[in-house]
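# Here is a sequence together with a model predicted from it:
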Amino acid sequence: MRTLISRYLAPLSLPRMPGAHWLEVLLRWQQLARERRLLREMSEHQLRDIGISRAEADAEARRPFWEDPRRGWYRL
């Protein structure tokens, strides 16, 4: 268990922050997970309407919820 935690959460190296900020982070992670799930479920027609390919949608949907491009928390 410790290995999983250090493997996935340690690279984030998040600073200690007040509880309100952590709530924002958790809500953002929930939003990212939902958006990525919805991308996975979209039809070809819906993807074409928003201007992305199936390959782009699949690549985004495979990303873990904690990889937030707005905050720079992603794998290199």
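Everything's here; your move. As the structure is a computational prediction, the values presented were derived from the model and not from experiment.
# Can you list the low-confidence ranges for the protein?
The chain contains residues with pLDDT under 70 at 1-20, 72-76.
# downstream neighbour of the biggest helix by length in it in the secondary structure list?
Using DSSP state H to define each element, the chain has its longest helix at helix 19-41. Going down the chain from helix 19-41, the next helix or strand is helix 44-50, by DSSP states H and E.
# Give the other helices and strands that that next one contacts.
helix 54-62 (3 or more C-beta pairs under 8 Å, 6 or more residues apart in numbering; DSSP states H and E). (Each C-beta comes from the backbone N, C-alpha and C, glycine too.)
# again, only this time at 10 Å
helix 19-41, helix 54-62 (3 or more C-beta pairs under 10 Å, 6 or more residues apart in numbering; DSSP states H and E).
# Name the residues of that helix that are buried.
residue 47 (16 or more other C-beta atoms under 10 Å).
# C-alpha coordinates for it, CSV please?
Extracted in CSV, the C-alpha atoms of helix 44-50 (Å, rounded to 0.1, in the frame of the first residue of the first chain):
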residue,chain,number,x,y,z
GLU,A,44,-18.0,10.1,-33.2
HIS,A,45,-20.5,12.8,-34.2
GLN,A,46,-20.3,14.5,-30.8
LEU,A,47,-16.5,14.4,-30.9
ARG,A,48,-16.5,15.9,-34.4
ASP,A,49,-18.8,18.7,-33.1
ILE,A,50,-16.3,19.7,-30.4
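# Not counting it itself, show me its contacts.
Helix 44-50 is contacted by residues 38, 39, 42, 43, 52, 53, 54, 55, 56, 57, 58 when judged by C-beta atoms under 10 Å, 6 or more residues apart in numbering.
# Could you tell me the end-to-end distance of stretch 41-55?
13 Å (C-alpha to C-alpha, to the nearest Å).
# typo on my end, it should be stretch 41-59
End-to-end distance (C-alpha to C-alpha), stretch 41-59: 13 Å.
# that older thread, out of the helices and strands packed on helix 44-50, the one nearest residue 71 is which?
When the helices and strands packed on helix 44-50 are compared for distance to residue 71 using C-beta to C-beta, the nearest one is helix 19-41, at 7.9 Å.
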